[in-house]
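Q: need coordinates for the below:
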Amino acid sequence: MEKTTKSANGKAATSTATRKTSSSKNKTVKSMLADFFVEEIKDIYWAEKHIVKALPKMQKAANSDELANAFSEHLKQTEGHVTRLERVFELLGESPKAKKCDAMEGILKEGESIIEETEEGTSTRDVGLILAAQKVEHYEITTYGSLHQLATTMGKNDVADLLAQTLQEEKNTDKLLTKIAEAHINNAAEDEEE
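A: Numbers count the residues shown, from 1 in each chain. Okay, here's the model as predicted:
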């Protein structure tokens, strides 16, 4: 801030000082949002990297070939999501760094327990796997939707475009899982006896 000098009416110097303070305050607010945004990118980056580790287990546990193939395809997409997030970090001038995502850790642990608690080779296990996978998808849809909107708000359109691509892929995967469940897995599971 400049030194304050008194003018004839005393207002000009005060006005200049107020504008600079106000400008600094606005800069801080933007910086806080930008910092928050980066932290959330780190969070979803951790989540995506751990989903890459979980999907092969889910694929192996699936009874239905169609479901196993869906997990295999989504693994390839998720690897692309990781790469896309690394591009987002680059556009933000940041190094790719993961921050533990407690929510995704919990969702993935729940998915592991479904595999442990259901009988191998059953449609009931497939129902559980779809349920677990859709919990992951819904978390990602929410996260990418919010991050896309924040990037747009901050005028980071190149980042917003990348996030929108991933958001659409997550929505498509969710719809595919619903379609697989409704086509035959849910009915097959209903017919299974203990």
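
Q: how about the helices in this protein?
A: Taking DSSP state H as the criterion, the chain carries its helices at 11-61, 65-91, 102-117, 123-153, 157-180, 186-190.

Q: what's in contact with the shortest one?
A: Spelled out, that is helix 186-190. 122-124, 126-127 (C-beta atoms under 8 Å, 6 or more residues apart in numbering). Just so you know, the C-beta spots here come from the backbone N, C-alpha and C atoms, and that holds for glycine as well.

Q: the same query, at a cut-off of 7 Å, please.
A: Here helix 186-190 makes contact (C-beta atoms under 7 Å, 6 or more residues apart in numbering) with 123-124, 127.

Q: distance from the chain centre to stretch 166-181, please.
A: Centre-to-centre, stretch 166-181 and its host chain are 14 Å apart (C-alpha atoms, centre = their mean, to the nearest Å).

Q: could I get that stretch in PDB with only the CA atoms?
A: The C-alpha trace of stretch 166-181 is given here as PDB (Å, rounded to 0.1, in the frame of the first residue of the first chain):
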ATOM      1  CA  THR A 166     -14.800 -37.200 -17.100                       C
ATOM      2  CA  LEU A 167     -18.200 -36.200 -15.700                       C
ATOM      3  CA  GLN A 168     -19.900 -37.500 -18.800                       C
ATOM      4  CA  GLU A 169     -18.000 -40.700 -18.700                       C
ATOM      5  CA  GLU A 170     -18.900 -41.300 -15.100                       C
ATOM      6  CA  LYS A 171     -22.600 -40.700 -15.900                       C
ATOM      7  CA  ASN A 172     -22.400 -43.100 -18.800                       C
ATOM      8  CA  THR A 173     -20.800 -45.800 -16.600                       C
ATOM      9  CA  ASP A 174     -23.600 -45.300 -14.000                       C
ATOM     10  CA  LYS A 175     -26.300 -45.800 -16.700                       C
ATOM     11  CA  LEU A 176     -24.500 -48.900 -18.100                       C
ATOM     12  CA  LEU A 177     -24.400 -50.500 -14.600                       C
ATOM     13  CA  THR A 178     -28.100 -49.800 -14.200                       C
ATOM     14  CA  LYS A 179     -28.800 -51.300 -17.600                       C
ATOM     15  CA  ILE A 180     -26.800 -54.500 -16.800                       C
ATOM     16  CA  ALA A 181     -28.600 -54.800 -13.400                       C
END
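
Q: quick one: mean pLDDT for it?
A: Stretch 166-181 comes out with an average pLDDT of 98.

Q: one more: stretch 107-127?
A: Stretch 107-127 comes out at a mean pLDDT of 96.
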